[in-house]
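Asks: following is a predicted model, sequence given first.
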Amino acid sequence: MKNYTFLCLTLILAFSFDSYSQQSKVAAGDKKYDNYAYIDAIKTYERVAEKGYKSEDMLKKLGNSYYFNSDFDGASKWYGELFAMNANPESEYYYRYAQSLKSTGQTDKSNKLLAEFNAKFKNDNRGQLYKEDINYLEEIKANSGRYKIEDAGINSKYSDYGSFVYDNKIYFTSARDTGNFSQRKHKWTGEYFTNLYFADVDPATQASSQVNKFKTSINTKFHESSPVFTKDGKTVYFTRNNYVNGKKGKDDNKITLIKLYKASFENGKWTNITQLPFTSDNYSTAHPALSADEKTLYFASDMSGTLGQSDIYKVNIDGNSYGPPENLGKTINTEGKETFPYVTSENEIYFASDGHPGLGGLDVFVGKIEDNGTISSIQNLGGDINSPKDDFAYIIDPISRRGYFSSNKDGGQGSDDIYKFLETRKLQCIQELNGIITDATTNTVLPGTKVTLYDGSKIKNNSISDASGSYSFVAECGKTYNVRAEKPDYTTKEISVTIGKLTGKTNLPIALDKSICKVTIGDDLGKCFGIKMIYFDLDKSSIRKDATLDLEKILDVLNNNPTMKLDIRSHTDSRQTQKYNEVLSDRRAKSTIQWLIKNGINTNRLTGRGYGETQLVNECSDNVKCSEEQHQMNRRSEFIITVL
């Protein structure tokens, strides 16, 4: 994939040079490189290199010129010479060299370099992802074999990519000859500037008709790409060079970047072409995608706050107004490139990335959009879609499971090609979480044990162990759950477990200790469960998510003992003033009571107050030097039984 397809459809001007020394030739190559004229830069640098003149800076730029044009054979050659000259370059060259090696089939050498990369640059999320997912090739293999893939039938010998289906037509981007007499070519890639094209398509078979140019004012003499239509067909979002009304915008370095635009369909014409309000002359925004309800627009950008070379962002849409851009965060974005988002009605987000572990170049991944907007459960789509080259711009109809993606993998007609596919099996990694409940002392099985599966603070499922003491749940691969086992006369136990990342089974046996906690009036119910403190954020009195797990235990006892009443007491350490601590602890006690009432406990069964620092359990009063552990003993919550 040429680099313009993911983010930087930068616009440069042609220029010529004449020189008489190798130094001046390098300077000329640098000028072309700095202006993103990578095709010309490669020619200049290689002529100089053939004459024996090489420098670390030139090798970096020569490797980058190939890398940014997705020619990983050339990139690995020159990055290899760079490492021979300097075994410890900057972190980005470790990663680019590793990616280039992987894309040319040198996986073992690439993985060795990634291990060095992670050891040297521990704060780079890409290395951490590799370390956490060192068996990523097995996962990719497990996710493969799920597609029937064919040429989309609309490709040329030039770059074709970035499709979108609307009203039984496939719209896409192409660098094929536009028919202009001047045949203007882009210096970055050596191909024609891209425009939007379309073809009729049969929704049942994906068969395409003759390709036509999208003859509207949306297409200009510069780059256009990645159109997205609203369901009513009245609005289209698309990517274009910073060019509108015949005027080019430039950044501080006099480079024309790319922006997101929208246009309206009125009286049979596309009109009102405007840049979106959160775009800028000084950074790029590209590749729009709409949520199913069309209230959220996703896109790629390298704006301030981006974690890597490009991140995926979103903005809220309210009529003709757009909220501020929001970065989707570190679970999806890395120090590399994340781009070409696509969102389905099933709250899945597909995207291309070279920062998550893959087969080389850009791979296509899918993640789950949680209710709070965060992204989880990211998986590589497997070796059918992905290849050692660049694979990107994946779209899918969640009903028919048909769709398209773009790739510059071997065997295509041009530098980038569009492929159609049918997904024959959904990507669903499921494991069976199972185990046997036993007595910790005698090792005898314990049938009739209540086993609860928690996803965070939410109950995912319940089970009762059978005659052999066995239980089982269906669990999602890669997720972390809490499993709680409860049985009369035994101490309740709760264990955290992380499910494997491949389809299979995770075994979690649980051994319960005989209960020694026999409570009566005046006892602290919290001690039965090891609850020392209901934790709150600093200076806050709202219940945190991690505290709800402990309160669920108290709630369960109250529900099973309907006459029981509690006095809830909150204590602090001696730091801060006595009045401050008393007020804060009182708010926290009342917040705990309100949580229980909200979850069904009658208000007449609960009393409570805060005691601040008035009932310290050790000598750590004002002006007494104590360790953090000693102070922690005084920060406690008590659930005193007043009526059984």
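Replies: Now that the structure is in, tell me what you want to look at.
Asks: now residue 272: phi and psi?
Replies: Dihedral pair for residue 272: phi 50, psi 50, per degrees, to the nearest 10.
Asks: list the contacts of it.
Replies: Counting by CB atoms under 8 Å, 6 or more residues apart in numbering, residue 272 touches 263, 264, 266. Quick note: C-beta positions are derived from backbone N, CA and C, even for glycine.
Asks: pull out the buried residues from the helix or strand the second one falls within.
Replies: Right, the one you point to is residue 264. Assigned by DSSP states H and E, residue 264 belongs to strand 258-266. The neighbour-count check on strand 258-266 (16 or more other CB atoms under 10 Å) flags 258, 259, 260, 261, 262, 263, 265 as buried.
Asks: and which of those residues is nearest residue 588?
Replies: Residue 588 lies nearest to residue 260 out of the buried residues of strand 258-266, by CB to CB, at 46.5 Å.
Asks: is it true that the closest one touches residue 237?
Replies: Yes. Taking contacts as CB atoms under 8 Å, residue 260 lies within contact range of residue 237: 6.3 Å.
Asks: so what sits against both of these two?
Replies: 276, 288.
Asks: how far away is the residue positioned nearest the centre of the chain from residue 57?
Replies: Geometric centre of the chain, nearest residue: residue 332, 1.4 Å, by CA atoms, centre = their mean. From residue 332 across to residue 57, the span is 33 Å (CB to CB, to the nearest Å).
Asks: what stretches of this structure score poorly on pLDDT?
Replies: Across the chain, residues meeting the criterion (pLDDT under 70) sit at 1-42, 177-191, 516-517, 532, 535-541.
Asks: the domain parsing of this protein - what is it?
Replies: 3-137, 147-423, 430-512, 525-643 (automatic domain parsing).
Asks: kindly reformat those domains as JSON lines containing distance to residue 518.
Replies: Compiled in JSON lines, the domains of the chain are given as follows (distance: least, CB to CB, whole Å):
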{"stretch": "domain 3-137", "distance to residue 518": "44"}
{"stretch": "domain 147-423", "distance to residue 518": "41"}
{"stretch": "domain 430-512", "distance to residue 518": "10"}
{"stretch": "domain 525-643", "distance to residue 518": "9"}
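Asks: out of those, which is closest to residue 519?
Replies: Shortest distance between residue 519 and the domains of the chain, using CB to CB, is found for domain 525-643: 5.9 Å.
Asks: ok, residue 559 - contacts?
Replies: 600, 601.
Asks: then residue 425?
Replies: Contact partners of residue 425, counting by CB under 8 Å, 6+ apart, are 145, 146.
Asks: now it: how far from residue 72?
Replies: Between residue 425 and residue 72 the computed distance is 30 Å (CB to CB).
Asks: with residue 630 instead?
Replies: In terms of CB to CB, residue 630 sits 59 Å off from residue 72.
Asks: same question, residue 359
Replies: As for residue 359, its distance to residue 72 is 11 Å (criterion: CB to CB).
Asks: identify the contacts common to those two.
Replies: 103, 388.
Asks: the nearest residue to residue 135 once chain neighbours are set aside: how many residues sit nearby?
Replies: Excluding the flanking residues, the one nearest residue 135 by CB to CB, 6 or more residues apart in numbering is residue 501, at 7.7 Å. Other residues within reach of residue 501, judged by other CB atoms under 10 Å, total 20.
Asks: report the beta-bridge partners for residue 420.
Replies: Counting by DSSP bridges, residue 420 forms beta bridges with residue 150, residue 404.
Asks: I'd guessed it sits against residue 403; true?
Replies: Yes. Residue 420 is in contact with residue 403 according to CB under 8 Å; the separation is 7.4 Å.
Asks: and residue 630 and residue 72? which has more neighbours close in?
Replies: Counting neighbours by other CB under 10 Å for residue 630 and for residue 72 shows that residue 72 has the greater number, 25 against 16.
Asks: ok, the more buried one - contacts?
Replies: By CB under 8 Å, 6+ apart, the contact set of residue 72 is 66, 99, 100, 103, 104, 360, 361, 388, 389.
Asks: widest-spaced pair of these?
Replies: The most widely separated members of the contacts of residue 72 are 66 and 388, with 14.7 Å between them, by CB to CB.
Asks: what sits closest to residue 410 if chain neighbours are left out?
Replies: Excluding its sequence neighbours, the residue lying closest to residue 410 (CB to CB, 6+ apart) is residue 389, at 7.1 Å.
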